[in-house]
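Visitor: Kindly generate the corresponding structure for this input.
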Amino acid sequence: MPESDHLQYEARIIEQAVQGDKQAFGQLYEIYAEQIFRYLSFRTGSMEVAEDLLCEVFLKAWDALPRFGSTNKDHHFNAWLYKIAHNALIDHRRTSRNEVSLEQFGDIGSAADKPEQIVEKNEESVKLIKLMKDLDETSRNILINRFIACLSHRETAEMLGLTENHVRVLQFRAIKKMRELMGD
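Guide: Numbering: from 1, shown residues only. Coordinates of the predicted model:
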């Protein structure tokens, strides 16, 4: 499906969901749940916590859906969902005392991956996670939003309350810093 057709289709589903259509909201869940889960599991280091937070994110989204688009900030549904997920993470960290270290979490890999490929991916993930700890929180969030959550510059900017150009500059600096840390 061409990008413009996909965007029109998605906009139609969003509009139906905003009007209270539960089936349309279910379609939005199908579209976004996996990527939101990936983001949450990367940030928490726990698949179980990520599943709980995913439920929380979509419940909060359903409750807030009638207000979606009512402010100038709410243009992209994807960025709006990530903002809800980000806030759920903050709330979780405030209330949680026993956090799992990010080093304990690795990329699961696909079922088609050979065991040695999975191990290699996990080692690379752990190394990158450790290096990302040397970045400031904003830079770390930008890299996660751009490369883990696959958000656009605009969506990342909306989520973090920055300008799109500022996100680009901070992303460039964060990548440069990561290269320096990796000895590249």
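Visitor: Could you chop this structure up by domain?
Guide: Domain assignment for the chain by automatic domain parsing gives 1-100, 113-184.
Visitor: Next secondary structure after the helix or strand of the chain with the lowest mean pLDDT?
Guide: Lowest on mean pLDDT, DSSP states H and E among the helices and strands of the chain sits helix 115-132, with a mean of 68. Going down the chain from helix 115-132, the next helix or strand is helix 137-143, by DSSP states H and E.
Visitor: Flag every buried residue along that next one.
Guide: Ser139, Arg140, Asn141, Ile142, Leu143 (16 or more other CB atoms under 10 Å). For every residue, glycine as well, the C-beta is placed using N, CA and C.
Visitor: what does stretch 163-170 give?
Guide: His166, Val167, Arg168, Leu170.
Visitor: again, but for stretch 4-14
Guide: Glu10, Ile13, Ile14.
Visitor: For the last one, give me its contacts.
Guide: Ile14 sits next to Ala24, Leu28, Phe68, Phe77 when contact means CB atoms under 8 Å, 6 or more residues apart in numbering.
Visitor: element containing it, please.
Guide: Ile14 belongs to helix 3-18, assigned by DSSP H and E.
Visitor: Could you list the residues in contact with the lengthiest helix in the chain?
Guide: Counting residues, the longest helix in the chain under DSSP state H turns out to be helix 22-44. By CB under 8 Å, 6+ apart, the residues outside helix 22-44 that reach it are 10, 13-14, 16-17, 47, 49-51, 53-54, 57-58, 62, 65, 77-78, 81-82, 85, 88-89, 92, 99-100, 105, 144-145, 148-150.
Visitor: Tell me which residues of it come out buried.
Guide: Those buried within helix 22-44 under the rule 16+ other CB under 10 Å are 24-25, 27-29, 31-32, 35-44.
Visitor: repeat for stretch 52-66
Guide: For stretch 52-66, using 16+ other CB under 10 Å, the buried residues are Leu53, Leu54, Glu56, Val57, Phe58, Lys60, Ala61, Leu65.
Visitor: so the last one sits right up against Val18, yeah?
Guide: So that's Leu65. Yes - taking contacts as CB atoms under 8 Å, Leu65 lies within contact range of Val18: 5.5 Å.
Visitor: That concludes my questions; thank you for your assistance.
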